[in-house]
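Student: next comes the sequence, and after it the predicted model I'd like to discuss.
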Amino acid sequence: MSLPLGPSPFPGVPERRPERADLTYRSPSPTWKSPEVPSPPDPGKRPAGRNARCLHGFRRRSASIGAANPRSPPHRRSRRWSGAGVARAGQLRGAWRGRGARDPEAARPSRACGPADQRRQPGERAACTPHMAAAAAVSGAKRSLRAELKQRLRAISAEERLRQSRLLAQKVMAHSQYQKSQRISIFLSMPDEIETDEIIKDIFRCGKTCFIPRYRFQSNHMDMVRLASPEEIASLPKTSWNIHQPGEDEAREEALSTGGLDLIFMPGLGFDKEGHRLGRGRGYYDTYLRRCEQHQRAKPYTLALAFKEQICAQVPVDEHDVKVDEVLYEDTP
């Protein structure tokens, strides 16, 4: 039994006052109700509000995207998107896919577009065009032929190399194109190439102008620079290919800037009787011959020097390879 509030009717008993909890929840109104307890959020319903968080815990934008926020700085306030603005955004997005096309119809299609049977499945290789297949076949054939020709050249003895080099030097000196040429470019031979020392000496003996290659090894660029004398070759620095050539910072006369060339002696790994040439894969001479066509009125005569072991039935070529005018070897008629 609880005692009533107010003064106690019993002597010595203090007055009973309401507790603190009663002050919090008691209401003088006869229609007093207990405070409402918020119900737990529905997991299937997305919360609302500008800074509300989505079901995954990340902050999401409010539904009124585009409405200007008065609390944001002027340069951060967004505009309400109109129908024209949305269409323009779609065109720009298509232009980015199409690398500059403003018309969405002209934009480059994505991987997902197109008929389902034409889409590339995950892990499937891209389709190979006939041009790509032909280029890959030529490149593989060149690699195989280069390996075979290097084996042939390694099998030639030093005596046989010297014999064929001297024979070709005599053929060159009796050649009509050599005799009437005044500005001649000739390569400084590597160990597996025809030796050109005797030809270089004869160029200076006849009073002709001699040019030698100067390669840039970080590119396919090559210049033909003037050689002062045959004795100068031994003093030139050597490259990683063990070839003497003038330094890149050394000022020398360049052939194309001073009148061009009349005759170019061409090195190579393999040749056929049609004039097709297989080089070492850098493209120095092919690039240089195209420069000659741009800087000279008359194309220089190209004469390749080869061992008879370097003559092939057919050399694989592509659109970048330039034919030589004549291949000179031991059995040349």
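Tutor: Arrived safely, thanks for sending.

Student: would you indicate which residues of the helix or strand hosting Leu167 are buried?
Tutor: Per DSSP states H and E: Leu167 is located in helix 158-173. Across helix 158-173, burial judged by 16 or more other C-beta atoms under 10 Å covers Arg161, Gln164, Ser165, Leu168, Ala169, Lys171, Val172. For every residue, glycine as well, the C-beta is placed using N, CA and C.

Student: and those residues, which is closest to Ala155?
Tutor: Taking C-beta to C-beta as the measure, Ala155 lies nearest Arg161 of those, at 11.0 Å.

Student: wait, the closest one touches Glu195, no?
Tutor: Yes. In this structure Arg161 lies within contact range of Glu195 using C-beta atoms under 8 Å: 7.2 Å.

Student: what's the first helix or strand after the helix holding Leu167?
Tutor: helix 176-180.

Student: partner strands of the next helix or strand after that next one, parallel or antiparallel?
Tutor: Moving toward the C-terminus from helix 176-180, the next helix or strand (DSSP H and E) is strand 183-185. Partners of strand 183-185 in the sheet, by DSSP bridges, are strand 209-215 (parallel), strand 263-266 (parallel).

Student: just name the most buried of those strands.
Tutor: With neighbours taken as mean count of other C-beta atoms under 10 Å, the strands paired with strand 183-185 reach their highest mean count in strand 263-266, at a mean of 24.

Student: could you give the mean pLDDT of that one?
Tutor: Here strand 263-266 scores 97 as its mean pLDDT.

Student: same question for stretch 293-304.
Tutor: 93.

Student: re the thing from before, who does the helix holding Leu167 touch, helix- and strand-wise?
Tutor: Packing partners of helix 158-173 (3 or more C-beta pairs under 8 Å, 6 or more residues apart in numbering; DSSP states H and E): helix 197-205, strand 301-305, strand 326-328.

Student: coming back round to it: mind putting the strands paired with strand 183-185 into TSV with distance to Leu227?
Tutor: Output for the strands paired with strand 183-185, formatted as TSV (distance: least, C-beta to C-beta, whole Å):
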stretch	distance to Leu227
strand 209-215	5
strand 263-266	13
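
Student: Ala251: which of these is closest?
Tutor: strand 209-215 (11.7 Å).

Student: next structured bit after the closest one?
Tutor: strand 222-226.

Student: can I get the CA coordinates of that following strand in PDB?
Tutor: C-alpha atoms of strand 222-226 as PDB (Å, rounded to 0.1, in the frame of the first residue of the first chain):
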ATOM      1  CA  MET A 222      70.900   7.800 -90.500                       C
ATOM      2  CA  ASP A 223      73.000  10.500 -92.200                       C
ATOM      3  CA  MET A 224      75.800  10.100 -94.700                       C
ATOM      4  CA  VAL A 225      78.700  12.200 -93.600                       C
ATOM      5  CA  ARG A 226      81.900  13.000 -95.500                       C
END
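
Student: tell me the helices and strands packed up against it.
Tutor: If you count contacts as 3+ C-beta pairs under 8 Å, 6+ apart, strand 222-226 packs onto strand 209-215, helix 284-295.

Student: quick one: average pLDDT of the first one?
Tutor: The pLDDT scores in strand 209-215 average 95.

Student: list the contacts of that strand.
Tutor: 182-188, 200, 203-204, 221-227, 239, 243, 245-246, 248, 252, 255, 261, 284 (C-beta atoms under 8 Å, 6 or more residues apart in numbering).

Student: list only those of those residues flagged as buried.
Tutor: Judged by 16+ other C-beta under 10 Å, buried ones among the contacts of strand 209-215: 183-188, 200, 203, 222-227, 243, 245-246, 255, 261, 284.

Student: what is the neighbour count of Thr258?
Tutor: Neighbours of Thr258 under the rule other C-beta atoms under 10 Å: 11.

Student: now do the same for it: helix, strand or coil?
Tutor: In three-state terms, and counting by DSSP: H, G, I helix; E, B strand; the rest coil, Thr258 is coil.

Student: next one: it from Arg183, what distance?
Tutor: The gap separating Thr258 from Arg183 is 9 Å, by C-beta to C-beta, to the nearest Å.

Student: again with Glu160
Tutor: The value you get for Glu160 to Arg183, if C-beta to C-beta is used, is 32 Å.

Student: same check on Leu227?
Tutor: 12 Å.

Student: same check, this time on Ser240
Tutor: For Ser240, the distance to Arg183 - C-beta to C-beta - is 29 Å.

Student: what do you get for Asp262?
Tutor: 5 Å.

Student: which positions in the longest helix along the chain come out as buried?
Tutor: Counting residues, the longest helix in the chain under DSSP state H turns out to be helix 130-154. If you call a residue buried by 16+ other C-beta under 10 Å, then helix 130-154 has these buried ones: Lys142, Leu145, Arg146, Leu149, Leu153.
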